[in-house]
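Asks: mind folding the following:
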Amino acid sequence: MVHVPVLLEETVAHLVTGPGGWYLDATAGAGGHASALLAAAGLDTRLLAMDRDGEALELARSALAPFGDRVILERANFADLTEVAARHGLRGFRGILLDLGVSSMQLDRPERGFSFRGEAPLDMRMDDRQALTAAELLRRLSPGELESVLRRYGEESMARRIAKAVAEVQARGEPLETTAQLAALVERAKGGRRGRIHPATQTFQALRIAVNGELEALEKALPSALSLLATGGRLAVISFHSLEDRLVKQFMVAHEGRMESLARGGRRWVGEVPRGRRVVRKPVTPAEAEVQRNPRARTAKLRILERMA
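Replies: As a prediction, this is how the structure comes out:
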C-alpha cells in the first residue's frame, strides 16, 4: 500500500502562512507532507527533512528530488532536532511538522514486524541500526515490567494476564520470535476475539512504543521544536493515539499560559517559555471523505502552536 499523508491539506494550510523561509519535516516518511509544503510556500522556501527510518528516507529522497538543493535530508530521530539543526546552522524555522504515525510502508511490510496480521520476525524497530527488537525486549522484561509497559503504553486492562502468559511460555523454553506467535498468545490470554478490534492491538502498540522510545523522544522533541521556531512560526503535530495527543496538548497548553494580575498591581506571565498560541482550540480531525479513502487516518489529530514574541 502506498503511504497516504494524513490531513495533508489542513497541515499545509496551517503551517504555511506566507512565502519563503525554512521549514522542518522531522518525520519525512515518503515525502508527501514535505513536497506539499515546498510547493505551497514558493520557490524561496527550503526544507530540512528528517526520518530515523532509512527506507522511508530513501522514499523521501526520491519524492523530493525535483526540489533539488532546496532540500536537506538527514537520517535522524526527531529527539535530536536541536543537534541536527545546529549541524546545518539552522534555526528560526517558519514551520515544523511532527507526524507521529506508523507509516503504511512499515505496517505493510511483514518483515518489519509491526503488524500482527501474518507471520514475521518480532522486530518493530523504526531504525534498524538499533539493537533492541520487540523479541529482545520480551526476553529482557520481568513479568512485572512487561505488565507495566502494557498498561502504560497500551492502556491494556488485561496486562497482568498477558504478562503472565508470556512468562509461562518463556519458562518452557519457547521464546516468542514472531508476530503470529505473540498475537495468538495474547488472543488466548484475553479469551479470544470480541468485536472488530484484534485482541493484540494494544499489546503491539505498547511494545512498538517501548522498543522505539516514542514517548520519550516526543517529550524531548516538543520543546526543541518550539525553541527552533521564528516568532510567528508554527509547530504542527499529528498524533494517532491518546498517549501522544495528551502529551502534545499538555505541552501546548503549558506554553500558551496566561497573564496573571498581581495584588500590588501589574501582571506576570504564568506558564512555560517560549510563549505560544494555540492556533486551533480543538484538534483538527480528518473529514469523513478522507477516512473513507484512508481508514488509517481515522484516529489522527492535528494540533498547532504558534510561537509568540
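
Asks: quick check: mean pLDDT of the helix or strand hosting residue 97?
Replies: Assessed by DSSP states H and E, residue 97 sits inside strand 93-99. If you average the pLDDT over strand 93-99, you get 98.

Asks: which secondary structure elements does that strand sit against?
Replies: helix 8-15, strand 21-25, helix 32-41, helix 214-228, strand 229-239 (3 or more Cβ pairs under 8 Å, 6 or more residues apart in numbering; DSSP states H and E). Quick note: C-beta positions are derived from backbone N, CA and C, even for glycine.

Asks: okay, helices next: where are they in the protein?
Replies: 8-15, 32-41, 54-64, 81-87, 104-107, 134-140, 143-154, 159-171, 179-189, 201-212, 214-228, 242-256, 288-293 (DSSP state H).

Asks: so which of those helices is nearest residue 265?
Replies: Closest of the helices of the chain to residue 265 is helix 242-256, at 24.3 Å (criterion: Cβ to Cβ).

Asks: and the contacts of that closest one?
Replies: Applying Cβ atoms under 8 Å, 6 or more residues apart in numbering, the external contacts of helix 242-256 come out as 100, 153, 155, 209, 214-215, 218-219, 222-223, 226, 237, 239, 271-278, 283, 301, 303, 305.

Asks: the same query, at a cut-off of 7 Å, please.
Replies: Contacts to helix 242-256, defined as Cβ atoms under 7 Å, 6 or more residues apart in numbering, come from residues 100, 153, 215, 218-219, 222, 226, 237, 239, 271-272, 274-278, 283, 301, 303, 305.

Asks: what subset of the residues you listed is buried?
Replies: 100, 153, 215, 218, 222, 226, 237, 239, 272, 275-276, 278, 283, 301, 303, 305 (16 or more other Cβ atoms under 10 Å).

Asks: sorry, back to before: looking at the helices of the chain, which has the lowest confidence?
Replies: Averaging pLDDT over each of the helices of the chain puts helix 104-107 lowest, since it has a mean of 67.

Asks: check the buried ones among the contacts of helix 242-256 and tell me the two furthest apart.
Replies: Most distant of these, by Cβ to Cβ, are 153 and 275, 31.2 Å apart.

Asks: how close does the closest residue to residue 7 other than its chain neighbours sit to residue 150?
Replies: With Cβ to Cβ, 6 or more residues apart in numbering as the criterion, residue 7 has its nearest non-adjacent residue at 4.9 Å, and that residue is residue 302. According to Cβ to Cβ, to the nearest Å, residue 302 stands 28 Å off from residue 150.

Asks: burial of the residue nearest to residue 291 when sequence neighbours are not counted, as a residue count?
Replies: Excluding the flanking residues, the one nearest residue 291 by Cβ to Cβ, 6+ apart is residue 298, at 5.1 Å. The tally of other residues near residue 298 (other Cβ atoms under 10 Å) stands at 14.

Asks: please point out which parts of stretch 232-248 sit buried.
Replies: Here stretch 232-248 shows 233-241, 243-245, 247-248 as buried, counting by 16+ other Cβ under 10 Å.

Asks: that'll do, ta.
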